[in-house]
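> I'd like to go over a predicted model; first the sequence, then the structure.
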Amino acid sequence: MFSKILIANRGEIAVRVMRTCREMGIGTVAVYSELDRDALHSRYADEAYALGGQTAAESYLNTARILDVIERSGADAVHPGYGFFAENAGFAREMTDAGVTWIGPPPEAIEIMGDKISARKAAAAAAVEAVPGTLEPVTSPDDIVAFGETNGWPVAIKAAYGGGGKGLRVVESADEVPAAYETVTREAAAYFGHPEAYLERYLTRPRHIEIQVFADTHGHAVWLGERDCSTQRRHQKLIEETPASNLDNATRAAMGEAAVKVARGCGYVNAGTVEMLYQDGEFYFLEMNTRLQVEHCVTEMVCDLDLVAEQIRVAAGEPLSFTQDSVERRGAAIECRINAEDPARGFMPSPGTITRLRVPSGPGVRWDGGYEEGDTISQYYDNLVGKLVVWGPDREAARRRALRALGELEVGGIATTAPAHQLLLADPDFVSGSYSTKWVETDAAEKLAAVPAETPEPTPGEGDEPLIAHAVPVEVNGKRFQVTLWLPEAPVAAVASPAAGRAPRPKLSASAGQGGAGGTITAPMQGTILKVMVKVGDHIKAGQTMLVLEAMKMENYINAELAGTVQEIRVTAGDTVGTGDVLVVIE
């Protein structure tokens, strides 16, 4: 067994892996950016090392710096978590070339399944039917129009190396194709390093059902159950549950067997997820995620297994601790992704400092979080605050328990998706299990529009005690240590976290950033300008998109509220802006 594992990630998943390592008696090594020097995963690890930089590209995606930390720390294995390098075959090879064990599938399997086109071919070779689409990259908008005219609209344009809703646009007609194709290829190049895209027939009311698979180096491959991930917006998941409601056992077993075929067909080892679309009694292979999923927790709850521990044991060469016949699924589990987003403003990202955090507890309740009270959620990284996971003896009991737990959750300083979760879990469509991937953005849209806007709590003032003990991170030669200082609260708040002593900006109205007083368009949040879509002198209409702003790994379209003429543009692509910054002036 390994003596020390480096977790090449941050936030919730890094802490999740570290907790299992601690239970197994394995040392942990964290890596952190400049913004994450005092983050929870940096504090929790046995050792923590600086990568430098702020953005992911400057830090968590800096292979050379990670290799340097491996050498300095003496780690003998690397766990990638999910995101960042988790599905990067090149990074996996560099880790093994450096003499450490990669806790994940073989690079060859990552390559086959990482390219969605080759994944479709692999599924076909395993006699598993995929969603109808192309098996080669498209090279121009004309290819897309021709596909749509032949197979029918709508059509999904998808990044060949994409995932997580990035590099995906749905077009309803030929007129929408050029702009969508440009966006997909731009996102694909930016997020995945490959601009290639392919096409799929877009199913109108499908359910997104995925199968958890596990394979070892001894020839065993097992499916552990399915998860319904249909409650999503912008193709990103909000709620996941297992078992999938209203799914007969014969179909469930057929999906599980098909998933194992796909895994065996690409020589898969370790944890993986085969994603499928289900509609009108038929299921289709969609893609395979060659990593641990965000929603693995619900499978753990019903199977009574630690999937991270299983990952580590398999990577160490041990056989699976279970067989297909020994897997038992008991009860039901539901996971709510608590993201730093404001449902009252169309799920707009809401970075900032968490001024209050009270997590629920009680029977059957689990909180997997990446932050604690006082921590800051940066615009540069994923917006997942934590995962609220509940178990119940049946689906209805789990649903009621999730509502109870959401009622106990308290988060201050930022807006979160928790109010939206409460509405969705109480909706009759969810209660009956009769929903699809379109449900949140169509059927439930009107209810979500009524979610009340949250007002961030003020930052707590100075305490009554003259001196207070504070744990302050100290960095020596790039390695993080923590010391305790007895200092007045206000000064040390500025030392520990520049944002901690600063009152949060007041919450903007729903129209802020869409055109303000005097014809100015301001930034509704911190972020990076991806694209400026107008130029000085342009005559624009109310509602016209002016800029594309990226924040917390999401693209946000900034629209004009008023018609007029563009008098001034104060930003260019690549600029970083803060909340309230003036972007465009309209006359």
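Yep, it's here. Only a predicted model underlies this, so the values are computations on that prediction, with no experimental measurement involved.

> switch to C-alpha atoms for all contacts and neighbour counts from now on
Fine.

> so what does the helix or strand encompassing Val302 touch, helix or strand wise?
Under the criterion of DSSP states H and E, Val302 resides in helix 296-303. Packed against helix 296-303 by the contact rule (3 or more CA pairs under 8 Å, 6 or more residues apart in numbering; DSSP states H and E) you find strand 221-233, strand 236-242, strand 332-339, strand 384-392.

> starting at the chain centroid, how far to the helix or strand just after that helix?
Remark: after helix 296-303, the chain's next helix or strand is helix 307-315, criterion DSSP H and E. When distances are taken as CA atoms, centre = their mean, to the nearest Å, helix 307-315 is centred 22 Å away from the chain's centroid.

> next one: stretch 340-348
How far stretch 340-348 lies from its chain's middle: 16 Å, per CA atoms, centre = their mean.

> Name the residues of that stretch that are buried.
Buried positions in stretch 340-348, judged by neighbour count with 16 or more other CA atoms under 10 Å: Ala340, Glu341, Asp342, Pro343, Ala344, Arg345, Phe347, Met348.

> The first one touches Gly413, doesn't it?
No: proximity of Ala340 to Gly413 does not meet the contact threshold set by CA atoms under 8 Å, at 10.1 Å.

> Quick one: neighbours of the nearest residue to Arg120 once chain neighbours are set aside, just the number.
With CA to CA, 6 or more residues apart in numbering as the criterion, Arg120 has its nearest non-adjacent residue at 6.4 Å, and that residue is Ala130. Burial of Ala130 is recorded as 20 neighbouring residues (other CA atoms under 10 Å).

> who are the neighbours in contact with Ala130?
Going by CA atoms under 8 Å, 6 or more residues apart in numbering, Ala130 touches Arg120, Ala123, Ala124, Tyr284, Phe285, Leu286.

> go on, Pro178?
Pro178 makes contact with Pro141 under the criterion CA under 8 Å, 6+ apart.

> same thing but 10 Å
By CA atoms under 10 Å, 6 or more residues apart in numbering, the residues touching Pro178 are Ser140, Pro141, Asp142, Ile144, Val145, Val171.

> From those residues, list the buried ones, please.
Pro141, Ile144, Val145, Val171.

> of all those, which comes closest to Tyr49?
Distance to Tyr49 across these (CA to CA) is lowest for Val171, with 45.0 Å.

> Would you agree the closest one is in contact with Ala156?
Yes: between Val171 and Ala156 there is a contact at 6.5 Å, judged by CA atoms under 10 Å.

> okay, and the common contacts of those two?
With contacts taken as CA under 10 Å, 6+ apart, Val171 and Ala156 have Ile144, Gly148, Ala180, Tyr202 as neighbours in common.

> I'd like to know which of those is nearest to Ala64.
Using CA to CA, Ala180 comes nearest to Ala64 of these, at 35.1 Å.

> The closest one: which element?
Per DSSP H and E: Ala180 is located in helix 177-192.

> one step back: out of the contacts of Pro178, which sit inside strands?
Assigned to strands by DSSP state E, the following of these qualify: Val171.

> Can you pull the residues that touch both of Ala340 and Gly413?
Counting by CA under 10 Å, 6+ apart, the residues touching both Ala340 and Gly413 are Ser350, Pro351, Gly352, Ile354.

> follow-up on the earlier one: can you tell me which of the buried ones among the contacts of Pro178 is nearest Pro107?
Nearest member of the buried ones among the contacts of Pro178 to Pro107, counting by CA to CA, is Ile144, at 31.1 Å.

> residues contacting that closest one?
Counting by CA under 10 Å, 6+ apart, Ile144 has contacts 138, 150, 155-157, 171, 173-174, 177-178, 181, 198-200.

> could the residues you listed be laid out in JSON lines, adding distance to Ala86 and secondary structure?
As requested, these are exported to JSON lines (distance: CA to CA, whole Å; DSSP: H, G, I helix; E, B strand; the rest coil):
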{"residue": "Val138", "distance to Ala86": "26", "secondary structure": "strand"}
{"residue": "Thr150", "distance to Ala86": "37", "secondary structure": "helix"}
{"residue": "Val155", "distance to Ala86": "29", "secondary structure": "strand"}
{"residue": "Ala156", "distance to Ala86": "25", "secondary structure": "strand"}
{"residue": "Ile157", "distance to Ala86": "24", "secondary structure": "strand"}
{"residue": "Val171", "distance to Ala86": "30", "secondary structure": "strand"}
{"residue": "Ser173", "distance to Ala86": "35", "secondary structure": "coil"}
{"residue": "Ala174", "distance to Ala86": "36", "secondary structure": "helix"}
{"residue": "Val177", "distance to Ala86": "31", "secondary structure": "helix"}
{"residue": "Pro178", "distance to Ala86": "32", "secondary structure": "helix"}
{"residue": "Tyr181", "distance to Ala86": "26", "secondary structure": "helix"}
{"residue": "Tyr198", "distance to Ala86": "22", "secondary structure": "strand"}
{"residue": "Leu199", "distance to Ala86": "25", "secondary structure": "strand"}
{"residue": "Glu200", "distance to Ala86": "25", "secondary structure": "strand"}
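
> Could I have the PyMOL command that selects the buried members from those residues?
Filtering the contacts of Ile144 down to the buried ones (16+ other CA under 10 Å) takes a single PyMOL command:
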select buried, resi 138+155+156+157+171+174+177+181+198+199+200
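
> pLDDT weak spots in the stretch 51-200 of the chain?
Low-confidence segments of the stretch 51-200 of the chain (pLDDT under 70): 164.

> Please state the offset of stretch 388-396 from the chain centre?
For stretch 388-396, the separation from the chain centroid amounts to 22 Å (computed by CA atoms, centre = their mean).

> what about Gly362, neighbour count?
When counting by other CA under 10 Å, one arrives at 10 neighbours for Gly362.

> That one against Ala402, yeah?
No: the pair Gly362 / Ala402 is not scored as a contact, 11.1 Å apart, by CA under 10 Å.

> can you list the shared contacts of Ala340 and Gly413 in a markdown table and add neighbour count, distance to Gly163 and pLDDT?
Shown next, in a markdown table, are the shared contacts of Ala340 and Gly413 (neighbours: other CA atoms under 10 Å; distance: CA to CA, whole Å; pLDDT from 0 to 100):
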| residue | neighbour count | distance to Gly163 | pLDDT |
| --- | --- | --- | --- |
| Ser350 | 26 | 22 | 89 |
| Pro351 | 27 | 23 | 89 |
| Gly352 | 24 | 26 | 91 |
| Ile354 | 25 | 28 | 95 |
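
> So which of those are in strands?
Gly352.

> ok, so of the shared contacts of Ala340 and Gly413, who is nearest Glu441?
Ser350 (19.7 Å).

> Surely the closest one is in contact with Tyr381?
No: the criterion here is CA under 10 Å, and Ser350 misses it with Tyr381 at 11.8 Å.

> mean confidence score for stretch 529-544?
Average pLDDT, stretch 529-544: 89.

> how far is that stretch from where the chain is centred?
In terms of CA atoms, centre = their mean, the centre of stretch 529-544 is found 30 Å from the chain centre.

> what would the buried residues of stretch 340-348 look like in a markdown table with pLDDT, distance to Thr242 and secondary structure?
Formatted as a markdown table, the buried residues of stretch 340-348 follow (pLDDT from 0 to 100; distance: CA to CA, whole Å; DSSP: H, G, I helix; E, B strand; the rest coil):
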| residue | pLDDT | distance to Thr242 | secondary structure |
| --- | --- | --- | --- |
| Ala340 | 94 | 24 | coil |
| Glu341 | 92 | 25 | strand |
| Asp342 | 91 | 26 | strand |
| Pro343 | 90 | 25 | helix |
| Ala344 | 86 | 28 | helix |
| Arg345 | 84 | 30 | helix |
| Phe347 | 88 | 25 | coil |
| Met348 | 87 | 28 | strand |
